[in-house]
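Novice: got a predicted model here, sequence first, then my questions.
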Amino acid sequence: MRTANCELKKMAKKTKISGTSLAWGNLSARWILENLPFVLFLGFLATIYIANAHLAERQVRNIQNLQKEVKELRRQCNALQSELMTKSKLSEVGEAVQETGLKKSAWKPKKIVVD
């Protein structure tokens, strides 16, 4: 009888120590299984949130690259416009045409009006 009491006390101590940890682990595992759809939904939302953040960062980088490209194209456009303005002056055109053998007219051009 004495050995049976000792055995029961030892088992009670083991179940108290391991029982609390098993009960806690069992409780949380059971809770997760009961709420599995909600846990999966939360995981899905977290994945969407992360993907959205990556997409937004990529879009910001693309916008910055396009802004740099637009600035460079504006500079090129301004340079070409100023070059065109310089080369389209009457004196510049006259010098460029002299090489081909054409000369500047001595009289003013006549305007033709059609009714």
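Specialist: Sure thing, it's come through. Numbering: from 1, shown residues only.
Novice: going by C-alpha atoms from here, please, whenever you check contacts or count neighbours.
Specialist: OK.
Novice: assign residue 39 to helix, strand or coil.
Specialist: Put simply, residue 39 is helix when judged by DSSP: H, G, I helix; E, B strand; the rest coil.
Novice: what's the burial count for it?
Specialist: Neighbour count of residue 39, defined by other C-alpha atoms under 10 Å: 13.
Novice: same check on residue 26?
Specialist: 13.
Novice: now do the strand or helix carrying it, average pLDDT.
Specialist: Taking DSSP states H and E as the definition, residue 26 sits inside helix 2-34. The average pLDDT for helix 2-34 rounds to 62.
Novice: cool, stretch 84-104 as well?
Specialist: Stretch 84-104 comes out at a mean pLDDT of 84.
Novice: quick check: end-to-end length of that stretch?
Specialist: For stretch 84-104, the first-to-last residue distance is 21 Å (C-alpha to C-alpha, to the nearest Å).
Novice: tell me which helix or strand the most centrally placed residue in the chain sits in.
Specialist: Nearest residue to the geometric centre of the chain (C-alpha atoms, centre = their mean): residue 58, 1.7 Å. Applying DSSP H and E as the criterion places residue 58 in helix 36-87.
Novice: following that helix, which helix or strand shows up next?
Specialist: Heading C-terminal from helix 36-87, the first helix or strand you meet, by DSSP H and E, is helix 90-98.
Novice: what's that following helix in contact with?
Specialist: Here helix 90-98 makes contact (C-alpha atoms under 8 Å, 6 or more residues apart in numbering) with 86-87, 103-104.
Novice: and the two most separated of these?
Specialist: Largest separation among the contacts of helix 90-98 by C-alpha to C-alpha: 86 and 103, giving 20.0 Å.
Novice: can you list the buried residues in stretch 90-102?
Specialist: Within stretch 90-102, no residue qualifies as buried by neighbour count (16 or more other C-alpha atoms under 10 Å).
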